[in-house]
Structure formats: C-alpha cells, structure tokens
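Trainee: Okay, predicted coordinates and the sequence, questions at the end:
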Amino acid sequence: MNRLHNILDALSQLVNCVVLPRASDTNANESISGRAHREGWKKTEWTINLLFFWDRPHCSRAYARDVDRAYQLVQQSLDAAERNEFLQQSKGNK
C-alpha cells in the first residue's frame, strides 16, 4: 500500500506542475490536494475531499504532509551543507 501511495502522490505532483494553471506558483513536491487547500480553491478542494471520503479532510492533511516534506528537504540540505563545511574544515587542518 505504501508503494501505491507513493506512486499516486508522485502522479499528483506531476499533474500539479504540468497541467494546472500557474505552474510557476508551485513546486515539484506539492500535491494537487495540498495546492487546492493552500490556494483556497474551494470547489476543487470539495471535489477532492469527496473523492477521498475516507480521509476527510484530505486536502488539509495533504497540505500538512507537503509542508512536512518541504521541511524535511530543507533539513536534509542544511545537514549536507554542515557536513560539507565540516569536511572542508577538517581538510584545512591537515
């Protein structure tokens, strides 16, 4: 189930960036559901929530997951930058 969820999430992100209007207002890690919630697209959000009736409120949860995923990516980038800085400093001390 987790793999299927990841595939569907990736498709949602692709459609969000390629098909939906104002693609420059989004990023590749944002789902359609999360964007509908963030943009305040009430009719779209209502329709998506209806499709995912077992996971209400789906769009606000998707938005929270998108924000969490973005936070994790930033944290990973910061961790990598700190590692690189440490490695550069340790090479300079030799």
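Mentor: That came in fine, so what should we check first?
Trainee: After the helix or strand of the chain with the lowest mean pLDDT, heading C-terminal, what element do we hit next?
Mentor: Ranked by mean pLDDT, DSSP states H and E, the weakest helix or strand in the chain is helix 2-18, scoring a mean of 81. Using DSSP states H and E, the helix or strand that follows helix 2-18 in sequence is helix 32-39.
Trainee: For whatever helix or strand comes next after that next one, name the packing helices and strands.
Mentor: Using DSSP H and E, the helix or strand that follows helix 32-39 in sequence is helix 42-51. For helix 42-51, the packing partners by 3 or more CB pairs under 8 Å, 6 or more residues apart in numbering; DSSP states H and E come out as helix 32-39, helix 58-92. (Glycine included, C-beta is placed from N, CA and C.)
Trainee: just to revisit the earlier point, and the least confident helix or strand of the chain, C-alpha only, in CSV?
Mentor: The C-alpha atoms that make up helix 2-18 are tabulated as CSV, following Å, rounded to 0.1, in the frame of the first residue of the first chain:
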residue,chain,number,x,y,z
ASN,A,2,2.8,2.4,0.8
ARG,A,3,4.3,1.9,-2.7
LEU,A,4,0.9,2.6,-4.3
HIS,A,5,0.5,5.7,-2.2
ASN,A,6,4.0,7.0,-3.2
ILE,A,7,3.2,6.4,-6.9
LEU,A,8,-0.2,8.2,-6.7
ASP,A,9,1.5,11.0,-4.7
ALA,A,10,4.1,11.4,-7.4
LEU,A,11,1.4,11.5,-10.2
SER,A,12,-0.4,14.2,-8.2
GLN,A,13,2.8,16.2,-8.0
LEU,A,14,3.4,15.8,-11.8
VAL,A,15,-0.1,16.9,-12.7
ASN,A,16,0.2,19.8,-10.4
CYS,A,17,3.3,21.1,-12.1
VAL,A,18,2.4,20.2,-15.7
